Each structure stands twice: as C-alpha cells, then as structure tokens.
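A.B. asks: Generate coordinates for the sequence data below:
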Amino acid sequence: MILDFVTLDALRTHHPAWRLLRSEHAPLIASFLHRVFIVSNVRVIAASDMAEALNDVLYEIRQSLGEDAFPKPALEYLNDWTAADKGWLRKFYRSGTDEAQFDLTPSSEKALAWLEQLADRQFIGTESRLLTLFDLLKQMRDGTESNPARRIAELQVRRDKIDAEIAQVLSGQLPILDDSAVKDRFQQFMQGARELLADFREVEANFRQLDRRVREHIAMWEGGKGKLLEEVLGERDTITDSDQGRSFRAFWEFLLSNRRQQEFSELLDWVMALPAVEALEPDNRLRRVHYDWLEAGEHTQRTVALLSEQLRRFLDDQAWLENKRIMDILHSIERNALAVRDNQPAQLAMDLAEPHPEITLPMERPLFTPPLKSVIDSLCLQYGDEQIDDQALFSQVVVDKTRLTRHIRHALQDRSQISLSELLEAHPLQEGLAELVTYLQLGCDVFTTVVNESRQDFVHWEASALTGEKLLRSARLPHVIFVR
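C.D. replies: Model (predicted):
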C-alpha cells in the first residue's frame, strides 16, 4: 500500500482502527477491550458479562475522576461501540439463544497491537529475527529448486554440517546458547504466538464477509436455482483453495495432530523452565497457547460451516415454494371442475386423443379364488402352570450417563481437550459397547467434539459369555476429541 495523502486521509476517516485511536474515549475503550479480550484471551463474551465488566471499570474511573465521568450506562457504551460508523465490536446472536454476544473486530485488535508496541522494551533482540529471515529464504530457494543435482549438493552440505556438529558433541564441545540468545528467541516466539492469535480473527472476518455476500446474493436472486448454486459454490471453492484457505487448512491439520501437540507441549515446558526465560517473567497462559490456537480455529471452522447451512436453508425454502405452486395448480383444476359440473357445455370444445392404446390380455386374468371363511370358536381361557425364569428382567444393561459425564468434565478441568482413547485408558469400559456408544452420544449432545476421520483408534474391553468365560472385544472408530 502506498502511503500518499489521499490514502492516509481515507484511512483516517473510514478505518475503524484509526477512528478508535482518534476517539475522545480512546483510553477507556482500548484499556477495557485489551483487558477483557486480549489479556484473558477470550473470543466471545455474552452481553450481560460484558456489561458487568464495563460497570466495574466505570466505577473505578468515577471514584478517581468524579461521578460525572462517563455518565451513560455500560450497555449503552457497548452498543455505541458496535455502531456502523465505529466498528470496534461485533454484536451478534448465537443460534439457540436470545442473548447478544460481543466479539473484538480485527481492526480493534490491530489498534491494540500498535499501542502495545509503543511501550519501551528493556531487551530488543535482532539475531533471532535475522536467522528466521535467513531460514525462510533458504526454504524458498530449496523448495523451488528443480535441478536434482543442486538439491543433492545442498543436502550433502547440510549433512556435512550435521556430521561436524555430531563430532563436536562427541568430543565434549557442546555449543550452548547464552542468556541473551535465549531471551532473543523467546521474545520472537511470544510475538509470533500473539500475532497468530490475532490473525485468526482476521481469517474469521474474511470468511464471515464471504457468508454475508452469499446471503445477499441469495436474497436478491431471481434466476434459476442451478445457476445460483454454481456461482455460490464456485465462490466458496475460490476462498477454500486460495493461499489463505490452504494455509489455514494446513495449520488446522497440525492442531488436530495429538503427537505434534504433545511434542509442542514438551518443548514449551522445557523452554519455560530455563533460567533466562524465567527471568523475563512470561505469562503462564503461554504454556497453553496451542490450545488457544485450537479454540480460535474452532471458531473459524464454525463460521465456515454457516455457508453450508445457508445453502441447505435455501434449498429447503425453494422446495417448499415449488410444492406450494404445484398444490395451487391442483386446487385451481378442482375449482374449475366443480364450476362446470352442473353446467356442462352443450357441445364439445376440445377433442383429446387417447394417451395410449388399450391392451387386453385375457390369459393374464387371475383365476377365481374362493374367499376364506373364518371359524370363530368360543373357548374359556385356562390358567397355565408354566414356570418362567424372570432373571432376564433384572439382567438388563444400564449405562450411567452421569458417571460418564463426570469423567469427561474431570478430565477437561486441567486441559482443553482429551481424546476418547485417552479417556478410556483412564476409565476402562464397564458395560462394553453400550457404554462406548453413550460416550459418542454425550459428545454430540452435551460436549463439543472434533472428529479426525484420517486417524483411527482401537478400543478394547472384556465381556462375559453365556458360559461365564471372559472374552476380549474390540472396536475401531475415528479419532474423537472432546474439547472444552
């Protein structure tokens, strides 16, 4: 973007981030939004919770500046910040609830990120950023090199460097990063992790704009259904197959990998325990940043799902309208037939040809079959003396849903997600297949689940045969993850 006078003047007038910085109440707005969204790392907040938090902030300000400071109610301020001429908050309603929800807009997050950069930093690292840029250039060069000889030569150079480093370690010379290098790289990691969370809001906003354009297109469409579906699906495929869509899909596949999540957690715990990192006093929420990425990505996935839901509703509405039109035509024919029933025309107005010739097949007629006569015999009921075993009534399998729900909630208290296979290792199945199906039902009705079709888990349990011996049963199912 060229920063000329016309462009900057348009940004100053229309861009929500610049309007936020120019606002008279910018200190209140920026500090409050930073506290409730950025510091707490929350994606969506209900209107009642948002108003309560703002009331607490306004009370503290009025204690120091006087009762006349910010005299309007908290909810009125929130609604004012969501107006079209400001655009600092997004107000919407979730399906199944009538309470408004608030979310931070990408423009407001950009303004808050710029304000954070104004603070003086005690330590500014440059080495890690230079190495990152150098590695990116090498990855682009090696990844686009089509000459096999050059690729092999580069790999051999990297192998020689690795062999030399192994020999150096075996000789007792361990190259260890000093505290300055560790701090430099850790600050670069924190900045990248925070920017990645901010990018999720912008990706979600882009998909939400696509959904809004699709809804407007459907509302104004007057042509055929097939042409509309072709345009809508083509537009969605364009977004999905774009650079941003492919990058998001690759990142989402990384988040769903349990092995990579475990490896990331171990590396993060190791780095957070270093003395140089502890001296920086990092936020403890950084230990769970990959789970925050997963939660943010889930919001984006739900936004993308709105497109499919909108298409389904459109098809249902169109089918209902077509059926209504057919019924109107049939009712019109019935009314016309009743109108001419008692007043038939004197002469024929139209001759109709036979729709098909009459074909008579005498040999295809069924033979006569005399009807069966039912014989009703009146008998008195007699009491029987059979001995029936009623133990089958008391040997029914009953699965305690409350116990299974308690297991899942207890497992999600100290972590954001847990797979079904890990949960069954801690709490083995007691009622067999019925208990496994109940876990899957709870994942659909009570908890939020993510299903990875590309990975399969095997579940084992013991069952009792009729003879009393123990049998080992197993089931194969996709990788199911319960998400908090």
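A.B. asks: what about residue 331, neighbour count?
C.D. replies: Residues contacting residue 331 under the criterion other CB atoms under 10 Å number 10. Just so you know, the C-beta spots here come from the backbone N, C-alpha and C atoms, and that holds for glycine as well.
A.B. asks: what pLDDT does it get?
C.D. replies: Residue 331 carries a pLDDT value of 84.
A.B. asks: Just confirm it is within a strand.
C.D. replies: No - judged by DSSP: H, G, I helix; E, B strand; the rest coil, residue 331 forms no part of a strand; its state is helix.
A.B. asks: do you know how far it is from residue 338?
C.D. replies: Distance, residue 331 to residue 338, using CB to CB, to the nearest Å: 11 Å.
A.B. asks: go on, residue 69?
C.D. replies: Distance from residue 69 to residue 338, by CB to CB: 77 Å.
A.B. asks: Of the two, which one has the most company?
C.D. replies: Using other CB under 10 Å, the more surrounded residue of residue 69 and residue 338 is residue 69, with 12 against 9.
A.B. asks: hang on, that one in a strand?
C.D. replies: No - Residue 69 is assigned coil when assessed by three-state DSSP, not a strand.
A.B. asks: Now do the phi/psi pair for it.
C.D. replies: Torsion angles at residue 69 (phi, psi; degrees, to the nearest 10) stand at phi -80, psi 130.
A.B. asks: pretty sure it contacts residue 61?
C.D. replies: Yes - counting by CB atoms under 8 Å, residue 69 touches residue 61, with 5.6 Å between them.
A.B. asks: Now for those two: what residues contact both?
C.D. replies: When CB atoms under 8 Å, 6 or more residues apart in numbering defines a contact, no residue borders residue 69 and residue 61 alike.
A.B. asks: for the stretch 1-150 of the chain, what spans make up the helices?
C.D. replies: Along the stretch 1-150 of the chain, the stretches classed as helices by DSSP state H, counting those that start in this stretch are 5-14, 16-22, 26-33, 47-65, 74-81, 106-117, 127-144, 148-170.
A.B. asks: Which one of the ones you listed lies nearest to residue 177?
C.D. replies: helix 127-144 (10.0 Å; CB to CB).
A.B. asks: Quick one: mean pLDDT for that closest one?
C.D. replies: 68.
A.B. asks: now the end-to-end length of stretch 12-31.
C.D. replies: Using CA to CA, to the nearest Å, one end of stretch 12-31 lies 21 Å from the other.
A.B. asks: Now that stretch: buried residues?
C.D. replies: Across stretch 12-31, burial judged by 16 or more other CB atoms under 10 Å covers 15, 16, 17, 18, 19, 20, 23, 28, 29, 30.
A.B. asks: tell me the phi and psi of residue 192?
C.D. replies: Here is the backbone geometry of residue 192 (degrees, to the nearest 10): phi -70, psi -40.
A.B. asks: do the same with residue 449
C.D. replies: phi -130, psi 150.
A.B. asks: what residues are up against it?
C.D. replies: Contacts for residue 449 (CB under 8 Å, 6+ apart) come out as 443, 480, 481, 482, 483.
A.B. asks: neighbouring contacts of stretch 429-448?
C.D. replies: Stretch 429-448 is contacted from outside by 298, 397-399, 401, 404-405, 408, 420, 423-424, 449, 459, 461, 463, 473, 475, 477, 480, 482-484, using CB under 8 Å, 6+ apart.
A.B. asks: let's go with 10 Å and repeat that
C.D. replies: Contacts to stretch 429-448, defined as CB atoms under 10 Å, 6 or more residues apart in numbering, come from residues 295, 298, 302, 397-401, 403-405, 407-409, 412, 417, 420, 423-424, 427-428, 449-451, 459-464, 473, 475, 477, 480-484.
A.B. asks: how far away is residue 142 from residue 150?
C.D. replies: Using CB to CB, residue 142 is found at 9 Å from residue 150.
A.B. asks: Check residue 86 too.
C.D. replies: Distance from residue 86 to residue 150, by CB to CB: 55 Å.
A.B. asks: Same check on residue 289?
C.D. replies: Per CB to CB, residue 289 is found 38 Å from residue 150.
A.B. asks: what does residue 283 give?
C.D. replies: Going from residue 283 to residue 150 by CB to CB gives 44 Å.
A.B. asks: How about residue 336?
C.D. replies: Counting by CB to CB, the gap from residue 336 to residue 150 is 83 Å.
A.B. asks: ok, now residue 33?
C.D. replies: 51 Å.
A.B. asks: Look at these two and report which has more neighbours.
C.D. replies: Neighbour count, other CB under 10 Å: between residue 33 and residue 150, residue 33 has more, with 22 against 12.
A.B. asks: Give me the pLDDT value at that one.
C.D. replies: pLDDT recorded at residue 33 is 89.
A.B. asks: does it really touch residue 110, like I thought?
C.D. replies: No - contact criterion CB atoms under 10 Å: residue 33 and residue 110 do not qualify, at 11.9 Å.
A.B. asks: what's the overlap in contacts for the two?
C.D. replies: Contact criterion CB under 10 Å, 6+ apart; residues shared by residue 33 and residue 110: residue 20.
A.B. asks: for this protein, where's the lowest mean pLDDT among helices and strands?
C.D. replies: Within the chain, no helix or strand scores below helix 225-240, which has a mean of 62 by mean pLDDT, DSSP states H and E.
A.B. asks: need the contact list for residue 28.
C.D. replies: Contacts of residue 28 were listed using CB under 10 Å, 6+ apart, and they are 54, 57, 58, 61, 69, 70, 77.
A.B. asks: Only whichever of those are buried, select them in PyMOL.
C.D. replies: Buried residues among the contacts of residue 28 (16+ other CB under 10 Å), as a PyMOL selection:
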select buried, resi 54+57+58+70+77
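A.B. asks: Would you mind giving the contacts of residue 28 as CSV with distance to residue 259 and pLDDT added?
C.D. replies: Listed next are the contacts of residue 28 as CSV, based on distance: CB to CB, whole Å; pLDDT from 0 to 100:
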residue, distance to residue 259, pLDDT
54, 43, 91
57, 43, 89
58, 48, 90
61, 49, 89
69, 54, 84
70, 51, 87
77, 47, 89
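A.B. asks: where do the helices sit along the stretch 351-484 of the chain?
C.D. replies: 391-394, 401-411, 420-426, 433-445.
A.B. asks: So which of those is nearest residue 357?
C.D. replies: helix 433-445 (57.3 Å).
A.B. asks: With just CA atoms, put the closest one into CSV.
C.D. replies: Provided in CSV are the C-alpha atoms of helix 433-445 (Å, rounded to 0.1, in the frame of the first residue of the first chain):
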residue,chain,number,x,y,z
LEU,A,433,-20.3,-51.4,23.6
ALA,A,434,-23.4,-49.7,25.2
GLU,A,435,-21.1,-47.5,27.3
LEU,A,436,-18.9,-46.7,24.2
VAL,A,437,-22.0,-45.6,22.3
THR,A,438,-23.1,-43.5,25.3
TYR,A,439,-19.7,-41.6,25.2
LEU,A,440,-20.3,-40.8,21.5
GLN,A,441,-23.8,-39.6,22.3
LEU,A,442,-22.5,-37.3,25.0
GLY,A,443,-20.0,-35.9,22.5
CYS,A,444,-22.9,-34.9,20.2
ASP,A,445,-25.5,-33.7,22.8
